[in-house]
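Trainee: Structure here, sequence nowhere to be found:
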């Protein structure tokens, strides 16, 4: 018969059993870190950081060009940049988006080698 101070475990410990010996704040922090650092969340964070970096770079480029050029030249820059963005979107919508939609429907024989 086990001692009154000894506890026998008949079931395996849950995943959070490692946090039992820690202070409640540390245990909560450990569980939060485990949930936050999932690969999908890490990837989402990288995507958000990348988009933020590109946005800041675009904004700073616009500010530098605006300060360095007269109004007429800055207007030409904005017009050309806008036309480039429109052309890029047209090209993307004519090639990449249809491939994204139709490629999964094709079998192996329908895809290019």
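Mentor: Here it is on my side, so go on. The structure presented is a predicted model; accordingly, all values stated were derived computationally and were not measured.

Trainee: Which strands or helices does the one helix or strand residue 54 maps to pack on?
Mentor: With the criterion set as DSSP states H and E, the secondary-structure element containing residue 54 is helix 39-68. Helices and strands in packing contact with helix 39-68 are listed as helix 71-102; criterion 3 or more CB pairs under 8 Å, 6 or more residues apart in numbering; DSSP states H and E. (C-beta placed from N, C-alpha, C; glycine too.)

Trainee: Low-confidence ranges, the chain, go.
Mentor: 1-28, 32-33, 35-37, 39, 108-113 (pLDDT under 70).

Trainee: that older thread, could you give me the buried positions within the helix holding residue 54?
Mentor: Neighbour counts over helix 39-68 (16 or more other CB atoms under 10 Å) mark no residue as buried.

Trainee: ok, now stretch 74-94?
Mentor: residue 77.
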